[in-house]
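In: show me the folded form of this:
(one chain, ligands or ions: 2)
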Amino acid sequence: MESETQVVPTVTEREQWMVENDVFHVYNLFANAPRNVKPQLLKLRREKHLEYLNGGLRYLGPSFCVLDANRPWLCYWILHSLALLGNPLDAELESKTIDFLGRCQDQEGGYGGGPGQASKISKLYTFLLRMKHPSGGFRMHDGGEIDVRACYTAISVASILNILDDELVHSVGNYILSCQTYEGGIAGEPSSEAHGGYTFCGLATMILINEVNRLDLTRLIDWLVFRQGRECGFQGRTNKLVDGCYSFWQGGSFALLRRVGSLIDAQLVMPDAGEHCKVSGTPEQGEILEGTSSQVDKTSQFRQGGLNAACRVNYNDIGHSFITTSPLLEPLFNSSALQQYILLCSQVQEGGLRDKPGKSRDYYHTCYCLSGLSVCQYYQSEDDEAPPSRSAVLGPYSNQLEPVHPLFNVVLKQYYEAHEFFRRH
Ligand SMILES: CC(C)=CCC/C(C)=C/CC/C(C)=C/COP(=O)(O)OP(=O)(O)O
Ligand SMILES: [Zn+2]
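Out: Numbers count the residues shown, from 1 in each chain. Ligands and ions are numbered 1, 2, ... in the order given. The predicted structure follows:
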C-alpha cells in the first residue's frame, strides 16, 4: 500500500477536478461584477450601524435582569457586530453584560457566567455532557432537539473554554457524518435537507474534533460553490432565495475550507482516505498532536492533524493551530460580488443590515452580514491579522472591518485573549 507521502496530488490534478466540476462557475457568472455602481452606495454606513447597535444595547439595558431565551443571543449579535466595527465597549456596559449573562446560568450548569469562575465552568462541562445523546449528537437544552447546531455550540464552547475532551467528542463525528447529504452539504439532522447554517456548523465541528477528513470534502465544495446566486449573495439551500445572513454561514465555510486544502487534495487521489484514517485510532486528550505545537512548520500543522487521525491530539489546541496555519486553497467564491450584495442589498442606509431588500433590519442579520463582509475582506489574505489589501475591500478602504476567527466567529483579537485566558485557568 502507498504511504501518505506518495499520494500528494499535483496542483494540476486539483485544477483539473475543479474545471471538470465547474467549481469556478461563479467567476463566469460575475465576470464583470461589480459594475456601474455609484461609489457612495458601496460605503459602509458605519456611524448609522453603531447608532442602531447601541440603541439595541440601551433597549436591553433596563431589562438586563429579565430572563428570555433570545437575550443572550441578542447580546452576542450586538456585541459581536460592535467588535467587527472596531467599537470598544465601555467598562460599565461590559460589566453589566457579564452580570446579565451570569444571571442567565442555570443552577445545574448551562451557559457560563463571568470569566474565570472555575466552579461555573465545571458545571458547564457537566451540562454539556448531560446534553450528549447516544447517537453522538447533542441536545440544545434539557429535552430539546438534537441537531448539528447543538453539536457546534457544545463543541465550540468547550474548545474555547479549554475543556474539550474525549468524552465530549465521542461519536460526534459519526453524527455529523450521518447528516452529510447526497448533495454534499450538511443537514440539521439525519435525512433532512442540506442547509448553509448547518453546513457551517458541521464543518467547523469536524475541524474542532480533528475529524474533518471523514467528510466528503469534494462533494461539500461542489454543493457550496453553487450556492452563490446571480444576485451575488448566497442562498441557504438549493432553489431558495439568497439572504444576507448566508454571507457568513456559506462564506464562513469557504474560509474554513481554505485551511484544509491538502485534505481535499488527498481525497481527490484517495477518496476513502478519511474513513481509513478514522478507523485507525481515536485521538486522546492531553497528548499533543505532532504538528500542533508551536515549534513545527506552520504550513504543515493542521494538515497533519486532519490527515492522520491516528496521531494523538490535544483538542483544545486545534482552534489555535488552525488559525496560525497558512491557507492553501485558491479562492472558491466571488468575495467581491458578495460584498456588493451585502453593501447594496442587505445594508439599510439608516443603519442595520437585513436579509434582502423589502425586509426589515434586525440584529441577527446585522451580525451575520457584517461577519460575512469581514470574511470577504480577509478571504485572500495570507495572514489573518494583517490589514486586507486595497483590492480585497470593495468600496472605500474605510469599509474595513476587524478579522474574525472563522471557527468561532469571534473577532480574532478577542479570540486570542480568550484562548490565552482559559489556557491558564
Ligand atoms: C450556531 C447557530 C445558531 C447556528 C444556526 C445555523 C442556521 C442559520 C441554521 C438554519 C436553520 C434553518 C433550517 C433555516 C431555514 O429557514 P428558512 O426556510 O426561513 O430559510 P431558507 O429559505 O433560506 O432556507
Ligand atoms: Zn437570513
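In: do you know how far Ile163 is from ligand 2?
Out: Distance from Ile163 to ligand 2, counting by Cβ to the ion, to the nearest Å: 31 Å. Where C-beta positions appear, they are placed from N, C-alpha and C, glycine not excepted.
In: sorry, wrong one. I was asking about Val225.
Out: 20 Å.
In: which stretches of the stretch 151-300 of the chain form helices?
Out: Counting by DSSP state H, counting those that start in this stretch, the stretch 151-300 of the chain has helices at residues 166-169, 172-177, 196-208, 217-225, 246-257, 261-269, 273-279.
In: and the stretch 301-425 of the chain, which residues reach ligand 2?
Out: Applying Cβ under 5 Å from the ion, we find that the stretch 301-425 of the chain lies next to ligand 2 at Asp355.
In: show me where the stretch 301-425 of the chain has its strands.
Out: 404-405, 410-411 (DSSP state E, counting those that start in this stretch).
In: where in the stretch 201-350 of the chain is pLDDT low?
Out: 272-312 (pLDDT under 70).
In: the same query, at a cut-off of 90, please.
Out: Counting by pLDDT under 90, the stretch 201-350 of the chain shows low-confidence ranges at 230-231, 261-262, 265, 268-313, 325-330.
In: please apply the same query to the stretch 1-150 of the chain.
Out: 1-41, 54-74, 87-124, 140-143.
In: quick check: the residue of it nearest ligand 1.
Out: Arg149 (4.3 Å; Cβ to the nearest ligand atom).
In: I'd guessed that residue sits against Thr199; true?
Out: No. With contact defined as Cβ atoms under 8 Å, Arg149 does not count as touching Thr199 (11.1 Å).
In: sec struct for whichever residue of the stretch 1-150 of the chain sits closest to ligand 2, please.
Out: Going by Cβ to the ion, ligand 2 is nearest to Trp77 of the stretch 1-150 of the chain, at 12.2 Å. Under DSSP: H, G, I helix; E, B strand; the rest coil, Trp77 falls in the helix class.
In: got a list of what it touches?
Out: Trp77 sits next to Tyr363, Tyr364, Thr366, Cys367 when contact means Cβ atoms under 8 Å, 6 or more residues apart in numbering.
In: can you flag which of those belong to helices?
Out: Tyr363, Tyr364, Thr366, Cys367 (DSSP state H).
In: for those residues, work out which two are farthest apart.
Out: Tyr364 and Thr366 (7.3 Å; Cβ to Cβ).
In: so which of the two has more stuff around it?
Out: Shown here are Tyr364 and Thr366; by other Cβ atoms under 10 Å, Thr366 has more neighbours (28 against 17).
In: nearest to Ile318 among the helices of the stretch 151-300 of the chain would be which one?
Out: Nearest to Ile318, of the helices of the stretch 151-300 of the chain and by Cβ to Cβ, is helix 196-208 at 5.6 Å.
In: got the buried residues for stretch 395-410?
Out: By neighbour count on 16 or more other Cβ atoms under 10 Å, the buried set for stretch 395-410 is 395, 399-410.
In: return the residues of the stretch 151-300 of the chain in contact with ligand 1.
Out: Residues of the stretch 151-300 of the chain found near ligand 1 (Cβ under 6 Å from any ligand atom) are Tyr152, Thr153, His195, Gly197, Tyr198, Cys201, Gly236, Arg237, Lys240, Asp243, Trp249.
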